[in-house]
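> Following is a predicted model, sequence given first.
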Amino acid sequence: QKLIIDPGSQICFIGPVRGGIHTLLRTLWRLVIKGLMNDEFKLLDINSKKTYLIFLGDFATGDRDGLEVWYTLMKLKIVNKDQVI
């Protein structure tokens, strides 16, 4: 997938989640605190520049929270169609 990002946009790379829903939610809450996302999973534009989340893979490894991780990631993708990779 090719993505062309405007200069000045916020890009957040999120490393392997590995089924850790608590770690994922804590990471997303940090984005809320920094003003990059609201509490309804909507990524916010800063100075008319978009915010992008790029996940680096390894989402669920068979842990008990794998379903919750996938649900959260799909919710993020649905709310931010072109900004979550």
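Thanks, I have the structure now. Bear in mind the structure is a predicted one, so any value in this text is a computation, not a measurement.
> Can you list the helices and strands that the helix or strand Val69 falls within packs against?
Assigned by DSSP states H and E, Val69 falls within helix 66-79. In terms of contacts (3 or more C-beta pairs under 8 Å, 6 or more residues apart in numbering; DSSP states H and E), helix 66-79 is packed against helix 21-33. In this view, the C-beta of every residue, glycine as well, is placed from N, C-alpha and C.
> Quick check: what element follows the helix it packs on along the chain?
Helix 21-33 is succeeded, C-terminally, by strand 51-55 (DSSP H and E).
> what comes up buried for that next one?
Thr51, Tyr52, Leu53, Phe55 (16 or more other C-beta atoms under 10 Å).
> cool, and stretch 29-38?
So for stretch 29-38, counting by 16+ other C-beta under 10 Å, buried means Leu31, Leu36, Met37.
> Now the second one: closest residue in space, sequence neighbours ignored.
This points to Leu36. Nearest residue to Leu36, sequence neighbours excluded (C-beta to C-beta, 6 or more residues apart in numbering): Thr51, at 4.8 Å.
> same question, the first one
Spatial nearest neighbour of Leu31, chain neighbours left out: Met37 (4.1 Å); criterion: C-beta to C-beta, 6+ apart.
> tell me the contacts of the residue most central in space within the chain?
When C-alpha atoms, centre = their mean is applied to the chain, the residue found nearest the centroid is Leu53 (4.5 Å). Leu53 is in contact with Cys12, Ile14, Leu31, Leu43, Leu76, Asn80, Gln83, Val84, Ile85, counting by C-beta atoms under 8 Å, 6 or more residues apart in numbering.
> tell me the two of these that are most distant?
Leu31 and Ile85 (15.0 Å; C-beta to C-beta).
> where in this protein is pLDDT low?
Applying pLDDT under 70 to the chain flags the ranges 1, 62-63.
> from what I can see Lys77 touches Val84, true?
Yes: between Lys77 and Val84 there is a contact under C-beta atoms under 8 Å: 4.8 Å.
> These two: which has the busier surroundings?
Regarding Lys77 and Val84, a neighbour count based on other C-beta atoms under 10 Å identifies Val84 as having more, with 21 against 16.
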